[in-house]
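> Structural data only, the sequence is not supplied:
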C-alpha cells in the first residue's frame, strides 16, 4: 500500500486486517479453482504458492483452503530479503525446490506478480478472473480468463 501511494497506509492495512479476520469464515475458493488444482495434480504438476504474505498471515488466511495450505511448495514474504515485485521470491523457490525456469509457469493476478515473473525470467499467466480490470498485463505470456484455462495452458 505504501508503494501504491496510499495515505495512512498503516491505518488502512490495520483496518483491512481487522475486517479480513472478522469475515474470513465466509471466504471460499474462486469458482473453478478446486477443479483447476485437481486437474493440474492429475497431470503430476508440481504446484506451489509464492505470496507477499508472511508465514503467519498465509497460514491464518488459508485455513479454509486445504488444497492451498497443504502444498509442499510455499514461499512466503519472510523468506527473502526483497519481496515482489522483485524476482527474489521466485528465484528462491526455483532454487529451493529444484525447479527449472523453462518448465515453470507463474500464475498471478497483479502487476507485481508479472514484474516478479519477468525479473525471474519465468513464464507468466495472468489470472484475469481475479485481476484488476484496468491493469495492463502486456508482459504476460498467457491470459487466462478462467481457472480451467490454466489447465489448458499447462497441458
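Here it is on my side, so go on. Bear in mind the structure is a predicted one, so any value in this text is a computation, not a measurement.
> pLDDT (mean, whole number) over the longest helix along the chain?
Looking across the chain with DSSP state H, the single longest helix is helix 9-23. What helix 9-23 shows for mean pLDDT is 86.
> Beyond it, next helix or strand please.
Heading C-terminal from helix 9-23, the first helix or strand you meet, by DSSP states H and E, is helix 33-42.
> Not counting its own residues, what contacts that following helix?
If you take C-beta atoms under 8 Å, 6 or more residues apart in numbering as the criterion, helix 33-42 is touched by 47, 67-68, 147-148, 150-151, 154. Bear in mind the C-beta positions are built from the backbone N, C-alpha and C, glycine included.
> how about a cut-off of 7 Å?
Identification of contacts with helix 33-42 by C-beta atoms under 7 Å, 6 or more residues apart in numbering yields 47, 67, 147-148, 150-151, 154.
> likewise stretch 2-16?
Defining contact as C-beta under 7 Å, 6+ apart, one finds that stretch 2-16 is touched by residue 1.
> How far does it stretch from one end to the other?
Stretch 2-16 has its terminal residues 14 Å apart, counting by C-alpha to C-alpha, to the nearest Å.
> How about stretch 113-128?
12 Å.
> Looking at it now, give me its mean pLDDT.
Averaging pLDDT along stretch 113-128 yields 96.
> In that stretch, which residues are buried?
113-120, 122-128 (16 or more other C-beta atoms under 10 Å).
> Can you pick out the ones from these that are in helices?
Using DSSP H, the subset of those located in helices is 113-120.
> Let me know the closest of the contacts of helix 33-42 to residue 28.
residue 67 (12.1 Å; C-beta to C-beta).
> How about the closest one, nearest residue that isn't a chain neighbour?
residue 37 (4.9 Å; C-beta to C-beta, 6 or more residues apart in numbering).
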